[in-house]
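Undergrad: sequence plus predicted model, see below.
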Amino acid sequence: MIGSRRLLPSMPALLALEAVDRLGTVSAAAAELSLTQGAVSRALQGLEGQLGVVLFIRERQRLRLTPAAQEYVRQVRVHLTGLSQASLRLRVNPGGGGLSLAILPAFGVHWLAPRLPGFARQHPGVTVNLSTRLRPFDFAAEGFDAAIHFGRADWPGAEHLLLMEEEVLPVCAPALLPDPIAGAEALLTLPLLQLESRPGAWGRYLAQQGVPGQRPAGMLFDQFATMTQAAIHGLGVALLPLFLIEDALRDGSLIAAWPVRGRGLGSYYLVWPRDVPPRAPLIAFRDWTAAQVK
């Protein structure tokens, strides 16, 4: 049930408030909203009058929100984002079967994307909308129905479905290693490729192979995709999740520099908000995903 309409601001007033808070000046907000400065000022004055609260501290040419108004605009921004996401879902799927899913780029490309045609055949009424995210986020703020999470089952306020425990393998181009190495410690004599977000990965893997206390240096990459290509082209040995390199191992563009798998940093999970009743598209996707990982 919607509360008192007397306290329900107009959409132009809320958009003006959010823009001024983010941009700092009426003129910048007016330019973004394609309005005159006078129209933005009147919208803000009307909002203050409707709420009976002073929202801004005026400092020379800038407006600064009061502490109470800063909390208010944070809530406004969350709901404006939710309205925008809801409108987008309705537009792309007027039948009501849209599912917004945040994915990790590498996992989305190599594990999820090849399987999605099967989901589409089983659930033709559900449109899956994918957005890549590398860091955790607030479900309420960004409006996603679910996300692919890597790490531990520790996303606050979320339910979890284990998809895969990560296994890693050191791989390289065949030309880089014409003869097998005698032991895992010999990896330290080769150029090693590293991911920026996993600086201790090589040390952890070597410790699992009985070579503790190592923290080798190496060329840094910010994405698995570019590090994989660097390994394929002979720049060094990359420690990569198995699901990323199955095709490359099969076609021979990569070989195992040392044949023993290691345990990765964590696992992959499907996560969704605990305090939001799941809609039918999410239930369908969750049940289909659970069947994929049995």
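TA: Structure's in. What do you need?
Undergrad: avg pLDDT for stretch 54-64?
TA: Mean pLDDT, stretch 54-64: 79.
Undergrad: any buried residues in that stretch, and which?
TA: Neighbour counts over stretch 54-64 (16 or more other CB atoms under 10 Å) mark Leu55, Phe56, Leu63 as buried. For every residue, glycine as well, the C-beta is placed using N, CA and C.
Undergrad: next, the distance between the ends of it.
TA: For stretch 54-64, the separation between the terminal residues is 11 Å (CA to CA, to the nearest Å).
Undergrad: residues contacting it, please?
TA: With contacts defined as CB atoms under 8 Å, 6 or more residues apart in numbering, stretch 54-64 is touched by Leu17, Val20, Gly24, Thr25, Val26, Leu44, Leu47, Glu48, Leu65, Thr66, Ala69, Tyr72.
Undergrad: and the helices in the stretch 51-200 of the chain?
TA: Using DSSP state H, counting those that start in this stretch, the helices of the stretch 51-200 of the chain run over 67-92, 105-107, 113-122, 139-142.
Undergrad: and the last one, how far out from the chain middle?
TA: Yep, that's helix 139-142 we're talking about. When distances are taken as CA atoms, centre = their mean, to the nearest Å, helix 139-142 is centred 12 Å away from the chain's centroid.
Undergrad: extract the C-alpha trace of it and format it as CSV.
TA: Written as CSV, here are the backbone C-alpha positions of helix 139-142 (Å, rounded to 0.1, in the frame of the first residue of the first chain):
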residue,chain,number,x,y,z
PHE,A,139,21.1,-5.9,-4.8
ALA,A,140,18.7,-3.2,-3.7
ALA,A,141,20.7,-0.4,-5.3
GLU,A,142,21.3,-2.0,-8.7
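Undergrad: the chain should start at 14 in everything you say after this.
TA: With 14 as the first residue, the last one maps to helix 152-155.
Undergrad: contacts for that helix?
TA: With contacts defined as CB under 8 Å, 6+ apart, helix 152-155 is touched by Arg90, Val91, Thr94, Gly95, Gln98, Ala115, Ala160, Gly170, Ala171, Trp285, Pro286, Val289.
Undergrad: switch the cut-off to 10 Å
TA: Here helix 152-155 makes contact (CB atoms under 10 Å, 6 or more residues apart in numbering) with 87-88, 90-92, 94-95, 98, 113, 115, 144, 146, 158-160, 168-171, 284-289.
Undergrad: and for the third one?
TA: Defining contact as CB under 10 Å, 6+ apart, one finds that helix 126-135 is touched by 112, 114, 116, 120-121, 125, 139-141, 143, 297-298, 300-302, 304-305.
Undergrad: give me the low-pLDDT residue ranges for the protein?
TA: Within the chain, the stretches with pLDDT under 70 are 14-17, 74, 101-109.
Undergrad: per-domain residue ranges of it.
TA: Following automatic domain parsing, one gets these domains for the chain: 18-104, 108-177+280-305, 179-275.
Undergrad: can you pull the contacts of Val184?
TA: Taking CB under 10 Å, 6+ apart as the test, what Val184 contacts is 190, 206, 241, 244-245, 250-253, 255, 257-258, 261-262, 266-271.
Undergrad: distance of it relative to Gln83?
TA: 50 Å (CB to CB, to the nearest Å).
Undergrad: how many other residues sit next to the closest residue in space to Ile268 that isn't next to it in sequence?
TA: Distance criterion CB to CB, 6 or more residues apart in numbering; nearest residue to Ile268, sequence neighbours excluded, is Pro187 at 5.2 Å. Pro187: 11 surrounding residues under other CB atoms under 10 Å.
Undergrad: rewinding a little: now restrict the contacts of helix 152-155 to buried residues only.
TA: 90, 98, 113, 115, 146, 158-160, 168, 171, 284-286.
Undergrad: number of nearby residues for the closest residue to Leu78 other than its chain neighbours?
TA: Distances taken as CB to CB, 6+ apart put Asp34 closest to Leu78, at 5.5 Å, once the chain neighbours are dropped. Neighbourhood size, Asp34 [other CB under 10 Å]: 21.
Undergrad: surely Asp34 and Arg90 touch.
TA: Yes: Asp34 lies in contact with Arg90 (CB atoms under 10 Å); the separation is 8.2 Å.
Undergrad: tell me the strands beside the strand ranked longest in the chain, with direction?
TA: The residue-count maximum for a strand in the chain (DSSP state E) belongs to strand 171-185. Next to strand 171-185 in the sheet, as set by DSSP bridges, lie strand 250-254 (antiparallel), strand 268-269 (antiparallel), strand 275-286 (antiparallel).
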